[in-house]
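*Asks:* pasting a predicted model and its sequence here:
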Amino acid sequence: MSLLITGIGELFTNDPAQGGIVRDAAVVVDGDRIAWVGPAGQAPAADERLDAEGAAVLPGFVDSHSHLIFAGDRAAEFGARMAGEPYTGGGIRTTVAATRAASDDELRASAARLVAEARRQGTTTIEIKSGYGLSVADEARSLRIARELTDETTFLGAHVVPAGQDPAGYVDLVTGAMLTAAAPYARWIDVFCERGAFDGEQARAILTAGAKAGLQPRIHANQLGPGPGVQIAVELGAASADHCTHLTDADVDALAGSDTVATLLPGAEFSTRSRYPDARRLLDAGVTVALATDCNPGSSYTSSMPFCLALAVREMRMTPAEALRAATLGGARALRRTDIGLIAAGARADLVLLDAPSYLHLAYRPGVPLVKAVLHDGVLS
Ligand SMILES: [Zn+2]
């Protein structure tokens, strides 16, 4: 079944061959792939036709960083923080207790609800991490449930050392029995490399063990303060270093000279009332930047890529085009995917139609539900 989309107000392709942003364009989708992109006047025939009625059309958002397998929420912690208490990351243990106590069905229903919420806001690819189980059985089941919702699953047994456990012994568990149990359900391995979580040596050991088990590395790095995370990411060829809020010049240079994407998560700075990462410094140095939600119940409980994009423009001085590119193609690069994040023949048929004539409205009209339709794997919703 093929579908011809016409009446496109503005097509944001991320494809240099198409000239980036194209007007008077049409798109033909065949099954779950884009079959043709070009001037509306030259569009080939298709089985069905969709009139976008002047909508801007974009690639579906690629949310390359989320933590959706959890139970409970931490609204009270958020309220206390907004009343002046600092964020330390210690609240993760609250969610671990709630997650362990939840049934498989409860975890599945909660994560599925959040994936659907993200989809309504234009997200067509989402990465989901474990990290609220922190036992062999609970990490494995978190990933098993995540895998029902996405192929982009990440083992984050090294989120925090569980209460009452010895750090060295826990690293042995994460790199041993827990990794063995998690690996069948995970594509990626991640570690929270931060003061109070895992140090550089532990992070290197965990990511190296994961790579030996066939998982590709990514890392939570330099969020709460300076640290070795970004350098380790580059050294190990990680797909992405995530957060990147506190960087030295050497960190920026290392990222610029590598294939490691800097994934910025402004929802976390918003929700912890913290300093935003310096996106301009990274972009001006030639670093590939991605934007993602970090959706989790503690430090960034938003599933909205448009919200993160608006924050990136307003608070991180990204241009609207840079922010949209980071939220689509940047996310695809952070997941080492070439079939998503752009509108070009052969790419997956993941498209967003806005209730606006230009992508500029995403940041220009923050907080407004502008996504009027989503095409995911060629299916309209
Ligand atoms: Zn995270």
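*Replies:* Okay, I see it.
*Asks:* spatially central residue in the chain, please.
*Replies:* Geometric centre of the chain, nearest residue: residue 64, 2.2 Å, by C-alpha atoms, centre = their mean.
*Asks:* that residue and residue 334 touch, don't they?
*Replies:* Yes. Counting by C-beta atoms under 8 Å, residue 64 does reach residue 334; the two are 4.1 Å apart. Bear in mind the C-beta positions are built from the backbone N, C-alpha and C, glycine included.
*Asks:* any common contacting residues for those two?
*Replies:* By C-beta atoms under 8 Å, 6 or more residues apart in numbering, residue 64 and residue 334 have these common neighbours: 240, 263, 290, 292.
*Asks:* which of those fall within strands?
*Replies:* Among the shared contacts of residue 64 and residue 334, the members found in strands (DSSP state E) are 240, 263, 290.
*Asks:* low pLDDT regions in the stretch 51-200 of the chain?
*Replies:* Residue ranges of the stretch 51-200 of the chain with pLDDT under 70: 88-90.
*Asks:* how about the helices in it?
*Replies:* With helices called from DSSP state H, counting those that start in this stretch, the stretch 51-200 of the chain shows them at 75-82, 92-101, 104-120, 136-147, 167-175, 177-182, 200-212.
*Asks:* contacting residues for the residue located most distally from the centre of the chain?
*Replies:* In the chain, the residue that sits farthest from the middle, by C-alpha atoms, centre = their mean, is residue 41; the gap is 36.3 Å. Counting by C-beta under 8 Å, 6+ apart, residue 41 touches residue 24.
*Asks:* before we move on, what about the one 3 residues further on?
*Replies:* Applying C-beta under 8 Å, 6+ apart, one finds that residue 44 lies in contact with 4, 28, 36.
*Asks:* hmm, back to that, so which of the shared contacts of residue 64 and residue 334 is the closest to residue 322?
*Replies:* residue 290 (11.2 Å; C-beta to C-beta).
*Asks:* who does that closest one bridge with?
*Replies:* Here residue 290 sits in beta bridges with residue 263, as judged by DSSP bridges.
*Asks:* what distance do you get for it to residue 82?
*Replies:* Counting by C-beta to C-beta, to the nearest Å, the separation of residue 290 from residue 82 is 27 Å.
*Asks:* ditto for residue 167
*Replies:* The gap separating residue 167 from residue 82 is 31 Å, by C-beta to C-beta.
*Asks:* can you redo the contacts of residue 44 as a markdown table with secondary structure, pLDDT and distance to residue 272?
*Replies:* Shown next, in a markdown table, are the contacts of residue 44 (DSSP: H, G, I helix; E, B strand; the rest coil; pLDDT from 0 to 100; distance: C-beta to C-beta, whole Å):
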| residue | secondary structure | pLDDT | distance to residue 272 |
| --- | --- | --- | --- |
| 4 | strand | 98 | 46 |
| 28 | strand | 98 | 44 |
| 36 | strand | 97 | 45 |
